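Colleague: Sequence and computational prediction follow.
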Amino acid sequence: MNITVLGLGNIMFADEGFGVEAVRRLESRGTISSKVELIDGGTQGIYLLNFVEAADYLLVYDAIIPTEQEVKVYTYRDDELPALVFRKMSAHQVGLSEILTLARLHGKMPDEVVLIGVPPQNLEMHIGLSASIEALMPEALEVGEQIISRWLGVIHQ
């Protein structure tokens with residue numbers, strides 16, 4: 001079984017880099033099993049298709065939530081994704097919807113897909129997260145670690 005954690009975003013535009021920063025922090029914690037593949041997907045879009053199709057379980061971190069929504073951590077699973085993912089909110093997001101569509105067409109969708117997202121508060125050219133998104137990072141990481149632990153439990157049964 002293959003568990004993949006994919007961080008999406010552009011670190012050059014402040015909170016747009018949330019997903020990439022989340023994966024970096026998960027890796028630096030050293031608490032994630034070596035059986036889990038952590039990928040800084042940046043803005044690679046369609047080039048990430050092989051990683052998605054190879055995953056049995058896919059966790060995606062992204063600042064994909066509309067900015068007008070409440071500033072909190074959002075978690076979406078499987079069937080909840082299409083309505084959210086197919087709305088164009090950032091340059092790389094189109095790549096995410098294309099990736100999921102192609103994986104589905106190829107019959108290679110992961111058994112489970114989870115998106116952990118936040119509504120970006122600052123999208124100006126600046127490296128580093130805004131204070132409000134930085135404050136959400138511990139919760140976002142904790143939610144991700146819980147999901148990964150559950151998946152690892154399923155694999156070891």
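Modeller: That came through, no problem.
Colleague: C-alpha only now, for contacts and for neighbours.
Modeller: Will do.
Colleague: Low-confidence regions, the protein specifically.
Modeller: Residues of the chain that meet the criterion pLDDT under 70 lie in 82-95, 155-157.
Colleague: can you give me the helices in it?
Modeller: 18-29, 49-54, 81-85, 93-105, 131-155 (DSSP state H).
Colleague: what angle separates the last one from helix 18-29?
Modeller: Our comparison of helix 131-155 with helix 18-29, counting by axes from the mean of the first three to the mean of the last three C-alpha atoms, to 10 degrees, yields an angle of 60 degrees.
Colleague: who's in contact with helix 131-155?
Modeller: Under the contact criterion C-alpha atoms under 8 Å, 6 or more residues apart in numbering, helix 131-155 has outside partners 1, 3, 15, 18, 22, 26, 32, 57, 59, 71-73, 116-118, 120-121.
Colleague: now that helix, how far from the centre of its chain.
Modeller: Offset of helix 131-155 from its chain centre (C-alpha atoms, centre = their mean, to the nearest Å): 11 Å.
Colleague: What are the buried residues along that helix?
Modeller: 133, 137, 140-141, 143-144, 148, 151-152 (16 or more other C-alpha atoms under 10 Å).
Colleague: Now distance to G9 too, for these, in TSV please.
Modeller: Output for the buried residues of helix 131-155, formatted as TSV (distance: C-alpha to C-alpha, whole Å):
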residue	distance to G9
I133	14
M137	15
A140	15
L141	16
V143	19
G144	17
I148	21
W151	24
L152	26
